[in-house]
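Chemist: next comes the sequence, and after it the predicted model I'd like to discuss.
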Amino acid sequence: MSRPSPAHEQPAPSLSAKAMAAVLLSTDLLEALPDAIVVVDRDGTMVQVNSQAQQLFGYDRDELLGQKVEMLVPESSRREHHRHRETFAERPKARRMGAGLDLYGRRRNGSEFPVEISLSPASTVNKPFVLSAIRDISDRKRVAEELRRANEELHRRTAEQLGEYRSRLALIIDSSEDAIISKGLDGTITSWNKGAERIYGYTREEVVGRHISLLAPSDRPDEIPEILRTIARGESIEHFESVRVAKDGRHLNVSFSVSPLRDAKGDVLGASVIARDITAQKIAEDQLRQSQKMEAIGRLAGGVAHDFNNILGIIGACTEFLRDRIDPAAEPSHYVENIKKATERGSSLTRQLLAFSRTSTIQPCVLDLNERLKDISKLLRPLMGDDVEVLIASKSPSAVVEADPGQLDQILVNLAVNARDAMPRGGKFILETRAMKFDDAFAEQHQALAAGKYVLLAVSDTGNGMDEATASRIFEPFFTTKEVGKGTGLGLATVYGIVKQSAGHILVYSEPGHGTTFKIYLPNADHKIGLGSKPEVETVAPKRQETTILLVEDDETMRSLTRQLLQEHGYTVVEADDGKSALEWVESHPGPIDLLLTDVVMRRMSGPELVERLNSSHPTLKVVYMSGYTGELIAEREVLKRGITLLEKPFTRTALLNTIHRTLG
């Protein structure tokens, strides 16, 4: 365990604020957004831009950083823009601009173009800044103008010419990136453009004639009827934000405007909807708010811990003085011992607070994780008890990392205590290490992990497991599922802080009744002790044609990414979101299936159960399982027979394709 800083030492300077500022303003975060992003401070000075902003305005990054944002505004509007910026700084709040306003940007070459701007205020280390998302709406203006002109033409032209202009209007609408939909006052969809197909996943033939409510989530049954009533009154709805459901079940954040459609007499016949998918922008905004919250909590925790350490130091010193002056056999000696134990417990708590806030002093060194696990296992075995078996599996001859040994011990002890509580009737606690290598393609899909070499430390238990709601919050400070008085809620927050402080990343996989696996990725440090080898050239299996794979995965994002990787390699992919859906598809489509790629643990029907049900109709079916759990944990729980092909998540493109190629033979 990490030693607490002595009471007389000054607290280590906080790195949290600087680290968090780098995260909030990092190009990795901003490059994930589709729009041009410009970040300015309170004085209007640009402090960060993404490549989309450079392309949109025609400047290089160095030409923008440090300059006033007014250089991107037409000269005729700069004075008014400066005034609006000062007003916004006094009362900052998230604003979506564009409705009823004609806003323009100015490129380096002097040309001006219409824009729509969203503003999101934020602050780091008491320094406020504004994140501006800027979108060129020239195409939308063009579409709107063309629609207006086409509408005028439709009223002037004779019946013989209507067909020509209707085709022209359809082409204009289909060229839009936004979803453009029309519907009757009863909600029946009457038109559906290419943008709607791209955003929602339905083709025109699948939706025309159906009710618009097919896009609404089940928890918002009254929203669409209320919109239709508003349109029936002849009113418009501008830049309304809500949630819609795509064909594949994904929930999308959508911003849309709805306008009445009128006949020649002016009577309302239906509604026209222009919708935009703003899911990526919403995710980025949520990440920004979460980062700010975690920063604030970390700074508070660090300050409290340092002050509390001073108090504990005084109490501890006084306790030692009392012990020297009291007869050990006297009754007051018992109370002194209680004070000493309470002080030690408080000191342990402050160490966890400091680890979470990342302000505790660390002493990293290069070490082999395989050897470290052998040492720490001597502490873990008595901690876990006689009814829990501690297993160590080293899948690579060396697992060299650069980390603080005490903090590594703290990670393992915290995870072991949680695992012990999850196994009240005993079980197995499994520690695994493995060398991993992630390429650029993998890093692009899993942006939390940069490309490079890592050492994986997998910590698994055969305990009760967690549901998705619990697993999503376990790293939050002070969140605990234990009884009052049984836990501080800082154990896993501490683990998260240490891993991030060590430039690593942590993932968790868990299902109720199926145990839990924590996967910790730490940068490989072989090169620091001369063990680095020449970079290996990974070969990918050749492409296959006319090979059908049934992909069964209940995680929507994981299923989509895996399908894309397989299709790009020539495979024909059929998707199912669980075992029962896959079985129903197979029964209704008697065609050949060359390979089944399935998750192990799923709702309604597991992967092994699906394979067992398919054996009678497809006895020679090739099977590859995939799971976020480790192979050791699955084998120990006897979920799968030993020798079965298992692909552990997260996997690289090379690992996926080569595993499937070997299995197909």
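Modeler: All right, it came through fine. Residues are numbered from 1 along each chain as shown.
Chemist: next, residue 444: secondary structure please.
Modeler: Three-state call for residue 444 (DSSP: H, G, I helix; E, B strand; the rest coil): helix.
Chemist: tell me, how many residues neighbour it?
Modeler: 9 (other C-beta atoms under 10 Å). (Each C-beta comes from the backbone N, C-alpha and C, glycine too.)
Chemist: same check, this time on residue 269
Modeler: For residue 269, using other C-beta under 10 Å, the count is 13.
Chemist: so it makes contact with residue 262?
Modeler: Yes: between residue 269 and residue 262 there is a contact at 6.5 Å, judged by C-beta atoms under 8 Å.
Chemist: can you confirm residue 117 is in a strand?
Modeler: Yes: according to three-state DSSP, the state of residue 117 is that of a strand.
Chemist: run the chain-centre distance for stretch 120-139.
Modeler: Relative to its chain's centre, stretch 120-139 lies at 21 Å (C-alpha atoms, centre = their mean, to the nearest Å).
Chemist: residue 413: what's it in contact with?
Modeler: 1, 376, 379, 380, 383 (C-beta atoms under 8 Å, 6 or more residues apart in numbering).
Chemist: redo those residues as TSV? Include neighbour count and pLDDT.
Modeler: TSV is the format used below for those (neighbours: other C-beta atoms under 10 Å; pLDDT from 0 to 100):
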residue	neighbour count	pLDDT
1	14	36
376	22	79
379	14	71
380	22	79
383	15	77
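Chemist: between the residues you listed, which sits nearest residue 646?
Modeler: residue 380 (25.8 Å; C-beta to C-beta).
Chemist: next one: that closest one from residue 430, what distance?
Modeler: 11 Å (C-beta to C-beta, to the nearest Å).
Chemist: likewise residue 180?
Modeler: In this view, residue 180 and residue 430 are 54 Å apart by C-beta to C-beta.
Chemist: equivalent analysis for residue 598, please.
Modeler: Taking C-beta to C-beta, one finds residue 598 at 23 Å from residue 430.
Chemist: repeat that for residue 49.
Modeler: 47 Å.
Chemist: elements contacting the helix or strand where residue 206 lies?
Modeler: Per DSSP states H and E, residue 206 falls inside helix 204-207. Counting by 3 or more C-beta pairs under 8 Å, 6 or more residues apart in numbering; DSSP states H and E, the packing neighbours recorded for helix 204-207 are strand 189-192.
Chemist: residue 408: neighbour count?
Modeler: Residue 408, neighbours per other C-beta under 10 Å, totals 23.
Chemist: and it, what element?
Modeler: Per DSSP H and E: helix 405-422 holds residue 408.
Chemist: give the buried residues for that helix.
Modeler: Using 16 or more other C-beta atoms under 10 Å as the test for burial, helix 405-422 gives 405-416, 418-420, 422.
Chemist: so which of those residues comes closest to residue 498?
Modeler: residue 407 (4.7 Å).
Chemist: the closest residue in space to residue 394 that isn't next to it in sequence in helix, strand or coil?
Modeler: Excluding its sequence neighbours, the residue lying closest to residue 394 (C-beta to C-beta, 6 or more residues apart in numbering) is residue 370, at 4.6 Å. Secondary structure, three-state DSSP: residue 370 is helix.
Chemist: quick revisit: comparing residue 180 and residue 430, which residue is more hemmed in?
Modeler: For residue 180 versus residue 430, neighbours defined as other C-beta under 10 Å are more numerous around residue 430 (24 against 21).
Chemist: quick one: low-confidence parts of the stretch 151-300 of the chain?
Modeler: 154-170, 283-284, 286-300 (pLDDT under 70).
Chemist: all helices for it, in order.
Modeler: Using DSSP state H, counting those that start in this stretch, the helices of the stretch 151-300 of the chain run over residues 159-174, 194-200, 204-207, 223-232, 279-325.
Chemist: tell me how many other residues crowd the residue nearest to residue 394.
Modeler: With other C-beta under 10 Å as criterion, residue 370 counts 18.
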